[in-house]
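**Student:** quick one: sequence and predicted model below, then my questions.
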Amino acid sequence: MSKIIQVNGFAIFSPVHLSPGLWRHPDDRSLDFASLDYWTDLARTLEAGKFDAVFIADGIGIHDVYAGNADAALATGAQIPKLDPMLLVSAMAHVTEHLGLGVTASVSYEPPFTLARRFSTLDHLTKGRVAWNIVTGYSAAASKAVGRDSIMPHDPRYDLADEFLDAVYALWEGSWDEEAVIADRASGVFADPTRIRKIQHQGQHFKVDAIHLVHPSPQRTPFLFQAGASNRGKDFAARHAEAVFLGEHSKTRTATNVAETRARARAFGRHGGDIRFFALAAVIAGETRAEAEAKYRDYQRYIDPRGSLALLSGWTGIDLSRYSIDDPFPTVKKDNAVTSMIDSFSRTERPWTIREIIEHNGIGGRGPVIVGSVSEVADQLQAWVDETDIDGFNLSYAVTPGGYQDFAELVVPELQRRGVYKTDYAPGTLREKTFGPGQARLPASHPAARFRPAPAENHLRASAQG
């Protein structure tokens, strides 16, 4: 029996995400990206289509590798301007009831204490629907922007991330007991100090000596996304993630990544079902195949190769201006880069040329572009799920919000008819909607659980108070 397919809308707070040049299309609203109405309208569209979440990418670096400067990114709007997506979450939560709200934030550029406070605040305001896409960052430009001479090497960044997670877990899970807030008007007592503790973390990279400023939120720890596909990244995802985002054009490589990460999760004492996997994909659907193909050809006319080169150079750390467009994609490894992207296009039977990658990535990024009639699209989505063991898709777009509207109005009813897409949302927090009722908090198998106070400690505190 096929899985129930889960879908997130994949977006960015910028005029260009993964389809450079498509902001020029007459049906596209990307130029409204700085308008709050655009984002609240998008949230309503996704919830109407029973999407599980909106997943908002982010990063504080500018793409300045191509030709050694940011000119190409600036001229094409290739993820610049890029506004702060955390400021969107409250507004999108206000106009929806069920949609999960995933936002990307890096562990590399601020203290754990302040980030923990913001996510706890958003978890309250969204009634437990916020998710954190954990990233370590790969951009030298981002490091320079915050006053550092260079970026930390790849694997040590994950060591730092492990420590960062320990610190925020301690704040979210260990600082306040569930019963700490009394809010008793008669006695005038808001919180019981004996049920609140200071977190003292002193590690190699971070120090915390404070009570968490926010009382327990519905999920405590936000729902945790991660996208590590390198060897060290898979270990990090296996230890911490509840959902893993994969960006591959190949079913074989996707299936391998899923199987390896599940196995590593079990080695960390977690269960195979503790993690959901989402593959990047773009869908262009029509009532007929001819209609869908006509849309695709139309969208292709707007692809901006220079914008694609700026993005590819930034992600891989390779200055593609040094190569001919028909050269094989260079396989030189850069430590501070999205190394899985280089592997994705080099570990194939025939090396991809730079031109072929631009054409492939020009709409929706490096995942598959699924073009066809409603039934053909549904067939392909099911095949990806069945053949790779993923749980769903991070759905990119050619034009927005039209791509999401087409999916909601055309594809979703067909998937529902086949019994592989929910007909309504489950109640509860995002974690409960994903894993089941009564699972608002992370399970005991997750490393965050070890930061919770022992039951005996709570009993002693209660006895002392009594």
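**Tutor:** The structure has been received and is ready for your questions.

**Student:** ranges for the helices of the stretch 251-400 of the chain?
**Tutor:** For the stretch 251-400 of the chain, helices defined by DSSP state H, counting those that start in this stretch occupy the ranges 251-267, 289-300, 305-316, 339-346, 354-361, 374-388.

**Student:** same question for the stretch 1-150 of the chain.
**Tutor:** 36-48, 71-76, 89-94, 112-125, 140-145.

**Student:** flag every buried residue along the last one.
**Tutor:** Spelled out, that is helix 140-145. Ala140, Ala141, Ala142, Ser143 (16 or more other Cβ atoms under 10 Å). C-beta coordinates here come from the backbone N, C-alpha and C atoms, glycine included.

**Student:** alpha carbons of it, as PDB, please.
**Tutor:** Written as PDB, here are the backbone C-alpha positions of helix 140-145 (Å, rounded to 0.1, in the frame of the first residue of the first chain):
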ATOM      1  CA  ALA A 140      32.300  32.900   3.000                       C
ATOM      2  CA  ALA A 141      30.400  36.100   2.200                       C
ATOM      3  CA  ALA A 142      28.100  35.400   5.200                       C
ATOM      4  CA  SER A 143      31.100  35.000   7.500                       C
ATOM      5  CA  LYS A 144      32.600  38.200   6.300                       C
ATOM      6  CA  ALA A 145      29.300  40.000   6.800                       C
END
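
**Student:** same list, the helices of the stretch 1-150 of the chain, but as a markdown table with mean pLDDT please.
**Tutor:** Rendered in a markdown table, the data for the helices of the stretch 1-150 of the chain read as follows (pLDDT from 0 to 100):
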| stretch | mean pLDDT |
| --- | --- |
| helix 36-48 | 98 |
| helix 71-76 | 98 |
| helix 89-94 | 98 |
| helix 112-125 | 98 |
| helix 140-145 | 90 |
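
**Student:** on that earlier part again, who wins for proximity to Gln439 among the helices of the stretch 251-400 of the chain?
**Tutor:** Using Cβ to Cβ as the criterion, the shortest distance between Gln439 and the helices of the stretch 251-400 of the chain is 16.6 Å, found for helix 251-267.

**Student:** ok so, going back, looking at the helices of the stretch 251-400 of the chain, which is buried most?
**Tutor:** Of the helices of the stretch 251-400 of the chain, the one with the most neighbours on average (mean count of other Cβ atoms under 10 Å) is helix 305-316, at a mean of 25.

**Student:** what pLDDT does Val338 get?
**Tutor:** Looking at Val338, its pLDDT reads 62.

**Student:** circling back to that earlier point, please name whichever of the helices of the stretch 1-150 of the chain is nearest to Gln416.
**Tutor:** Nearest to Gln416 among the helices of the stretch 1-150 of the chain is helix 36-48 (13.2 Å), distances taken as Cβ to Cβ.

**Student:** for the closest one, which residues meet the burial criterion?
**Tutor:** In terms of neighbour count (16+ other Cβ under 10 Å), helix 36-48 has its buried residues at Tyr38, Trp39, Thr40, Asp41, Leu42, Ala43, Thr45, Leu46, Glu47.

**Student:** and these, which is closest to Glu291?
**Tutor:** Relative to Glu291, and with distances defined as Cβ to Cβ, the nearest of the buried residues of helix 36-48 is Thr45, at 20.6 Å.

**Student:** run through the residues that contact that closest one.
**Tutor:** Listed by Cβ atoms under 8 Å, 6 or more residues apart in numbering, the contact set of Thr45 reads Pro401, Tyr404, Gln405, Ala408.

**Student:** which of these are buried?
**Tutor:** Among these, those classed as buried by 16+ other Cβ under 10 Å are Pro401, Tyr404, Gln405, Ala408.

**Student:** just the buried residues of helix 36-48 now: which is nearest Tyr302?
**Tutor:** For Tyr302, the closest of those turns out to be Tyr38, at 19.2 Å, with distances computed as Cβ to Cβ.

**Student:** relative to Tyr109, how far out is the nearest residue to that closest one once chain neighbours are set aside?
**Tutor:** Here the nearest residue to Tyr38 in space, its sequence neighbours aside, is Asp32; by Cβ to Cβ, 6 or more residues apart in numbering that works out to 4.0 Å. As defined by Cβ to Cβ, to the nearest Å, Asp32 lies at a distance of 28 Å from Tyr109.

**Student:** sorry, back to before: report how many residues lie close to the residue nearest to Tyr38.
**Tutor:** Neighbours of Asp32 under the rule other Cβ atoms under 10 Å: 17.

**Student:** pretty sure it sits against Trp23.
**Tutor:** No - with contacts defined as Cβ atoms under 8 Å, Asp32 does not count as touching Trp23, sitting 9.9 Å away.

**Student:** ok, back up a step: any chance of the buried residues of helix 140-145 in CSV, plus distance to Ile4?
**Tutor:** Converted to CSV, the buried residues of helix 140-145 look like this (distance: Cβ to Cβ, whole Å):
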residue, distance to Ile4
Ala140, 42
Ala141, 41
Ala142, 37
Ser143, 41
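
**Student:** show the pLDDT at Gly228.
**Tutor:** For Gly228, the model assigns a pLDDT of 81.

**Student:** kindly report the same for Leu460.
**Tutor:** According to the predicted model, the pLDDT of Leu460 comes to 47.

**Student:** any low-confidence regions in the chain?
**Tutor:** Low-confidence segments of the chain (pLDDT under 70): 1, 333-341, 343-349, 456-466.

**Student:** partner strands of the longest strand seen in the chain, parallel or antiparallel?
**Tutor:** As far as residue count goes, and with DSSP state E defining each element, the longest strand of the chain is strand 276-286. According to DSSP bridges, strand 276-286 has the following sheet partners: strand 243-246 (parallel), strand 369-373 (parallel), strand 392-396 (parallel).
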